[in-house]
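**Student:** structure, please.
(chains A and B)
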Amino acid sequence: MMKRNECFRVLARHITGEAVVATYSSAVDWVEIAPRALNYTSIGAMGLDTSHGLGLALGRPDRRVVVLQGDGSLLMNLGSLVTIAEAAPKNFVHFVAQNKTYEANGGHPIPCPQVDFAAMARAAGYAAVYDFSDLDRFTQQVAHVLEQDGPVFATLHVEPSKPLIYDYVSLYDPAKRVAFKAAWLQR
Amino acid sequence: MDARAVESSATPGTLSGAKIIAAIKASGIEYVLSVPDIVTSAGLLAPIARDKEFKLIRVCKEDECIGIASGLSYCDKRALILIQHTGFLDSINAIRGVAVEYRQPICMMVGLLQHDPDLAPRESNRYGVRIVEPILDDLGIAHHLIGADADVAKIAPAIGAAYREPHPVAFLIGRSPS
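**Tutor:** Purely as a prediction, here's the structure:
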């Protein structure tokens, strides 16, 4: 079983000018690994990360958008898989860290922890779908995943992490939203 | 947010979908994000779907629109959310977080399902309609009743202000546009 932060360290080596929409536990890990203006962590309501990402991707088709969310978040906005597949942004890459829990809300199990999100994304119509349980394989293929025409989906099967500190004041800092926009609008 | 607009008096007359669409275009709206609503289906959504000047994004559930519109706003792209009041009610938490707490320019056009257009929404026979304006007031969201052609002139200035300041705004469609 992989660890989410190990996956993100691997991913971070390949991230340059992309917007990274990250939420809850994924955001905590990501901003520690890759603090940058192009991190988008203010989504307002759980599950909306994919929708914010879709808006960013549609509005800047010349730049790539990477969404990092947990399985609980995707379950709250499962229909967004269909919306995204229909909109078909080529610059949209969607990672779901499946740890089978609502980690940010006490570690309770999600309904049906074995649910196959990759199969759902494939059925919804994502252009490319991946499923990773092995860090070496993810390390070998992540560059390829990021290069595909989207929408791209990848499940990362990870174990629940040790207890995290959720600094929502920092994650939702209005100044970071301003900085994000300035960085995202650059040509 | 002090941008409340309480304009709940029903305006007699007819409501032209073409005039509303012209006002939406005049507002610089490029994207329309929608779940179908029977009040606005024939008079707004159908012609918008045929209109090549709009990019219509059909979503599965109304709260998706809030996130998509927010993402687009970071790209300096304007969006209008076209939904039913039931979808508005279902999206309250997203509206609270994104539109109100983050002060995002979320522009909503909300059909009032089964509303008698000759009544003010607060006096509607439908409970779900009666509570829409009080909820908007509590959220501090500016809102405008669009019940007749005379109301259409409110749309473009309100959307302009929403993106300029920024803040959310809601247009309540009180009768089915022709």
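**Student:** now tell me what touches stretch A:10-18 from outside.
**Tutor:** Residues outside stretch A:10-18 that contact it (CB atoms under 8 Å, 6 or more residues apart in numbering or on different chains) are A:30, A:33-34, A:38, A:63-66, A:93, A:95, A:135, A:138-139, A:142-143, A:146. (Glycine included, C-beta is placed from N, CA and C.)
**Student:** same thing but 10 Å
**Tutor:** Outside stretch A:10-18, the residues that touch it by CB atoms under 10 Å, 6 or more residues apart in numbering or on different chains are A:2, A:8, A:20, A:30, A:33-34, A:36, A:38-39, A:56, A:62-66, A:68, A:91, A:93, A:95, A:135-136, A:138-140, A:142-143, A:145-147, A:154, A:156, A:183-184, A:186.
**Student:** chain center to that stretch, what's the gap?
**Tutor:** The chain centroid and the centroid of stretch A:10-18 are separated by 13 Å, computed with CA atoms, centre = their mean, to the nearest Å.
**Student:** buried ones in that stretch?
**Tutor:** By 16 or more other CB atoms under 10 Å in any protein chain shown, the buried positions in stretch A:10-18 come out as A:10, A:11, A:15, A:18.
**Student:** distance between the ends of stretch B:40-47?
**Tutor:** Stretch B:40-47 has its terminal residues 10 Å apart, counting by CA to CA, to the nearest Å.
**Student:** quick one: distance of that stretch to the chain centre.
**Tutor:** The gap between where stretch B:40-47 is centred and where its chain is centred comes out at 14 Å by CA atoms, centre = their mean.
**Student:** same question for stretch B:76-94.
**Tutor:** On the basis of CA atoms, centre = their mean, stretch B:76-94 sits 7 Å off its chain's mean C-alpha point.
**Student:** cool, and stretch A:50-63?
**Tutor:** Stretch A:50-63 sits 13 Å away from the centroid of its parent chain (CA atoms, centre = their mean).
**Student:** would it count as contacting chain B?
**Tutor:** Yes. Applying CB under 10 Å from any CB of the partner chain, one finds that stretch A:50-63 is in contact with chain B at A:50-61, A:63.
**Student:** those residues, buried ones only, as a ChimeraX selection?
**Tutor:** Command for ChimeraX that selects the buried part of those, burial taken from 16+ other CB under 10 Å:
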select /A:50,51,52,53,54,55,56,57,58,59,60,63
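**Student:** mind listing what the residue in chain A positioned nearest to chain B touches?
**Tutor:** Relative to chain B, the nearest point of chain A is residue A:55 (2.1 Å; CB to the nearest CB). With contacts defined as CB under 10 Å, 6+ apart, residue A:55 is in contact with A:21, A:48, A:65, A:87, A:89, B:31, B:33, B:57, B:64-75, B:77, B:79.
**Student:** now do whichever strand or helix holds residue B:172: which elements does it pack against?
**Tutor:** According to DSSP states H and E, residue B:172 maps onto strand B:169-173. In this structure, strand B:169-173 makes packing contacts with helix B:17-26, strand B:79-84, helix B:85-90, strand B:107-111, helix B:132-139, strand B:142-146, helix B:155-164, judged by 3 or more CB pairs under 10 Å, 6 or more residues apart in numbering or on different chains; DSSP states H and E.
**Student:** redo those as JSON lines? Include mean pLDDT and mean neighbour count.
**Tutor:** Listed next are the helices and strands packed on strand B:169-173 as JSON lines, based on pLDDT from 0 to 100; neighbours: other CB atoms under 10 Å in any protein chain shown:
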{"stretch": "helix B:17-26", "mean pLDDT": "98", "mean neighbour count": "18"}
{"stretch": "strand B:79-84", "mean pLDDT": "98", "mean neighbour count": "26"}
{"stretch": "helix B:85-90", "mean pLDDT": "98", "mean neighbour count": "20"}
{"stretch": "strand B:107-111", "mean pLDDT": "98", "mean neighbour count": "28"}
{"stretch": "helix B:132-139", "mean pLDDT": "98", "mean neighbour count": "18"}
{"stretch": "strand B:142-146", "mean pLDDT": "97", "mean neighbour count": "24"}
{"stretch": "helix B:155-164", "mean pLDDT": "98", "mean neighbour count": "18"}
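**Student:** related to what we said a few turns ago, setting the sequence-adjacent residues aside, check what's closest to the residue of chain A closest to chain B.
**Tutor:** Counting by CB to CB, 6 or more residues apart in numbering or on different chains, residue A:55 lies nearest to residue B:71, which is 2.1 Å off, once chain neighbours are set aside.
**Student:** follow-up on the earlier one: paired strands for the strand holding residue B:172, with orientation please.
**Tutor:** Applying DSSP bridges to the sheet, strand B:169-173 is found paired with strand B:107-111 (parallel), strand B:142-146 (parallel).
**Student:** how close does residue A:134 sit to residue A:1?
**Tutor:** According to CB to CB, to the nearest Å, residue A:134 and residue A:1 sit 9 Å apart.
**Student:** for the residue nearest the centre of chain A, give the beta-bridge partners.
**Tutor:** Residue closest to the average C-alpha location in chain A (CA atoms, centre = their mean): residue A:68, at 1.4 Å. Counting by DSSP bridges, residue A:68 is bridged to residue A:22, residue A:95.
**Student:** what's the helix or strand that contains residue A:130 packed up against?
**Tutor:** Here residue A:130 sits within strand A:128-132, counting by DSSP H and E. With contacts defined as 3+ CB pairs under 10 Å, 6+ apart, strand A:128-132 has these neighbours: strand A:92-98, helix A:117-124, helix A:135-147, strand A:152-159.
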